[in-house]
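>>> fold the following, please.
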Amino acid sequence: MGIAVPFVPYRAQAKLSPSAIKAALVERWPELPEPVVNKKANDQITLDVGDDAYIAQIVRAPVPWNQVEPMCSGAWMWPKAAEELKPCVGHLIATVVTQDPSPVHGATQLTRFCTAILASCAEAPGVMWGSSGHLVPSGVFQDFATSVMSAGPPWYIWADFREGQVAPGKTSGFTRGLTDFGLMELEAENTPEPPGELRERFFGLANYLLENGPVIKDGDTIGEDENERIRVVYSPSAFGNPEQVMKLLYEPTRPAKKKGWFG
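Okay, here's the model as predicted:
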């Protein structure tokens, strides 16, 4: 499973400089091999970084607005996405050519590349990331790339974790983008958890599955302690995903058993 390419939109007067992108990479990740600017093609920025090639195709037209506008309505990390993306006149299509098959390696390199583009171009307001269509503003994307990624997967910029309250005390949610990493998407309906806690649960499960592989089987029960029981079922999506998903079914909490005189 490969990482779907991110787009980096840009506004008029954008300065797209290979040397500035290289400098931003070196400043933030000095441990990388020295990037070499490759000047083989017009409308393309290519940097050779060790055995990997970072390639940005310059498209002198905006991403069609009928594709962007629906993403903006759900861009919880970027409330002003529509306002800031509407003036864009073009976009970069970022890719990394690598011999390393790991999706984490590919996503890490793409994140570095996109961060360097954003850092070197003030007229690039953010990133449209991968198959999730997740919109992340420039400052947030750069912060996650430089402050979080060294400690673990920066899931909040790699995938879309969508949750919301559907009734008093009830939350539903789903993910988009985990399939880029060979994982099933996660869903939950009418859970007793607040939105922030459900998001953190999705985040923790994504980390666990990425580290351990597909070890959670259809019908398995998970939970943080013996009183918390959440059954995982492989199920059709309730949120329009055409693929089968992992759905979390929250079972009633078991009250602690009262001990008698003899245990």
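>>> how many residues are close by the closest residue to residue 49 other than its chain neighbours?
Distances taken as Cβ to Cβ, 6 or more residues apart in numbering place residue 35 nearest to residue 49, at 4.9 Å, with adjacent residues excluded. Every C-beta, even on glycine, is put in place using the N, C-alpha and C of the backbone. Applying other Cβ atoms under 10 Å, we find 23 residues neighbouring residue 35.
>>> next, work out how far apart residue 35 and residue 228 are.
Separation of residue 35 from residue 228 (Cβ to Cβ, to the nearest Å): 47 Å.
>>> average model confidence for stretch 238-258?
The average of the pLDDT scores along stretch 238-258 is 82.
>>> stretch 9-27 now?
96.
>>> need the CA coordinates for it. CSV is fine.
Presented in CSV, the C-alpha positions along stretch 9-27 are these (Å, rounded to 0.1, in the frame of the first residue of the first chain):
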residue,chain,number,x,y,z
PRO,A,9,-1.5,24.8,-3.3
TYR,A,10,0.1,28.2,-3.8
ARG,A,11,-1.2,31.7,-4.4
ALA,A,12,-0.1,34.3,-6.9
GLN,A,13,3.5,35.7,-6.5
ALA,A,14,4.6,32.4,-5.0
LYS,A,15,8.4,31.9,-5.2
LEU,A,16,9.2,28.2,-5.7
SER,A,17,12.9,27.9,-5.2
PRO,A,18,14.7,24.6,-5.3
SER,A,19,17.7,26.1,-3.4
ALA,A,20,15.4,27.5,-0.7
ILE,A,21,13.6,24.1,-0.3
LYS,A,22,17.0,22.5,0.0
ALA,A,23,18.1,25.0,2.7
ALA,A,24,14.9,24.4,4.6
LEU,A,25,15.5,20.6,4.6
VAL,A,26,19.1,21.0,5.8
GLU,A,27,18.1,23.4,8.5
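>>> now that stretch: buried residues?
9-11, 14, 16, 18, 21-22, 24-25 (16 or more other Cβ atoms under 10 Å).
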